[in-house]
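Peer 1: 3D model of this:
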Amino acid sequence: MTPEELKAACLAFNGASEEFPFPRNANVSVFKVGGKIFALSALGDTPLTVSLKCDPELAVRLRAEYPAIVGGYHLNKRHWNTVTLDGSVRDDLVRDMIEDSYDLIVARLPKMTRLKLDWPGERARGSDDDTPLPPPPDR
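Peer 2: Numbering: from 1, shown residues only. This is a model prediction of the structure:
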């Protein structure tokens, strides 16, 4: 995945924006939704890396399976992974991880924000409150 492809993947989601909030690290692109970070990357660095929010259990499994995925660099390692984009992690998996990170952030935003984003997860909730629907019964 190239820096341009990574940037495009992060900005492909409704309401996603790129900011540069770190004056001491002005080259770090911070991708946000609803004012919250879901991805960070120094797009000009070699090797290219991206830090993404991740479900803690999945984060551990991914780190065990892929040497290029480690605990988030300068982030809470329980909830963040840093992925080195050296070709050892498939691009489609990286895109899935970006989407998961975005979804984890959007799910915690206020309901009105989720509705404005037309987030598919909000439609799946299908109720007027902020609680997720229970899983369907086994058949």
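Peer 1: use CA for all of it now, contacts and neighbours both
Peer 2: Fine.
Peer 1: the helices in this protein, which residues?
Peer 2: Secondary structure of the chain by DSSP state H: the helices cover 3-11, 56-65, 91-107, 111-116, 120-125.
Peer 1: ok, now which ones touch D55?
Peer 2: H79, L104 (Cα atoms under 8 Å, 6 or more residues apart in numbering).
Peer 1: distance of it from S29?
Peer 2: The spacing between D55 and S29, counted by Cα to Cα, to the nearest Å, is 22 Å.
Peer 1: One more: T82?
Peer 2: With Cα to Cα as the criterion, T82 and S29 are 14 Å apart.
Peer 1: cool, and E4?
Peer 2: From E4 over to S29 (counting by Cα to Cα), the distance is 12 Å.
Peer 1: Have a look at those two and say which one is more surrounded.
Peer 2: S29 (21 against 11; other Cα atoms under 10 Å).
Peer 1: Quick check: beta-bridge partners of the more buried one?
Peer 2: Taking DSSP bridges as the rule, S29 bridges to S41.
Peer 1: okay, and for the chain, where does confidence drop off?
Peer 2: 125-139 (pLDDT under 70).
Peer 1: In it, which residue is most central in space?
Peer 2: S101 (2.4 Å; Cα atoms, centre = their mean).
Peer 1: How many residues are close by V28?
Peer 2: 19.
Peer 1: Spatially, and excluding backbone neighbours, which residue is closest to it.
Peer 2: A42 (4.3 Å; Cα to Cα, 6 or more residues apart in numbering).
Peer 1: mind listing what the one you found touches?
Peer 2: Contact analysis of A42 by Cα under 8 Å, 6+ apart lists N27, V28, S29, L48, T49, V50.
Peer 1: dump the residue contacts of the last one.
Peer 2: It stands for V50. Taking Cα under 8 Å, 6+ apart as the criterion, V50 is in contact with A39, L40, S41, A42, T82, V83, T84, L85.
Peer 1: Give me the buried entries from the residues you listed.
Peer 2: Neighbour-count burial (16 or more other Cα atoms under 10 Å) applied to the contacts of V50 gives A39, L40, S41, A42, T82, V83, T84, L85.
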